[in-house]
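Asker: Below are the sequence and a predicted model; questions follow.
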Amino acid sequence: MSLTWVMVANASLARFFSNTGPQRELRLIKELTHPESREKRSNLVSDRSGSRTGTGHGVFAQATDPKHHEAELFAQEITRELAQGLAAKNAYDRLILVASAPFVGLVNQHLPGQVRSRLSESIDKDYTRLPATALTAQIRSRVPL
């Protein structure tokens, strides 16, 4: 029996589903949250500014956008989870990624080779709030399960 994992995410929530074959519903197996991605930029930076630019006359620029940094951290956490599921348990034969744009690109960018070899589809939609039955229908309309 072929087991498919469907990972549905945005920058603050990732839900991992499994599917055991055609005519089967998706079953939620794990959920990860990253509330820092929902914070205001001003709450994510410290009182000290990033790097100094110019000739030393008081202009400070943030080295990295804090929202993008938090999204990167969460994308890395998600890919670690996918890698652990594959390495430790050989939990899936096929992977479908569904994530909001541009977050799907961040996740794809961090996928290790062994996980990438199982990737069959990457969809740039935010379906994180859909219940499992509606999500199953949306995925089936684009990819055979």
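Answerer: Perfect, thanks for sending it. Numbering: from 1, shown residues only.
Asker: quick one, what contacts Thr79?
Answerer: Val107, His110, Leu111, Pro112, Val115 (C-beta atoms under 8 Å, 6 or more residues apart in numbering). Bear in mind the C-beta positions are built from the backbone N, C-alpha and C, glycine included.
Asker: Now it: which helix or strand?
Answerer: Using DSSP states H and E, Thr79 sits within helix 66-89.
Asker: hey, C-alpha coordinates of the next helix or strand after that helix in PDB?
Answerer: As assigned by DSSP H and E, the chain's next helix or strand after helix 66-89 is strand 94-99. Taking Å, rounded to 0.1, in the frame of the first residue of the first chain, the C-alpha atoms of strand 94-99 are listed here in PDB:
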ATOM      1  CA  ARG A  94       4.900  10.300  -1.800                       C
ATOM      2  CA  LEU A  95       4.700  13.900  -0.700                       C
ATOM      3  CA  ILE A  96       2.400  16.700  -1.800                       C
ATOM      4  CA  LEU A  97       3.200  20.200  -0.600                       C
ATOM      5  CA  VAL A  98       0.400  22.800  -0.400                       C
ATOM      6  CA  ALA A  99       1.400  26.200   0.900                       C
END
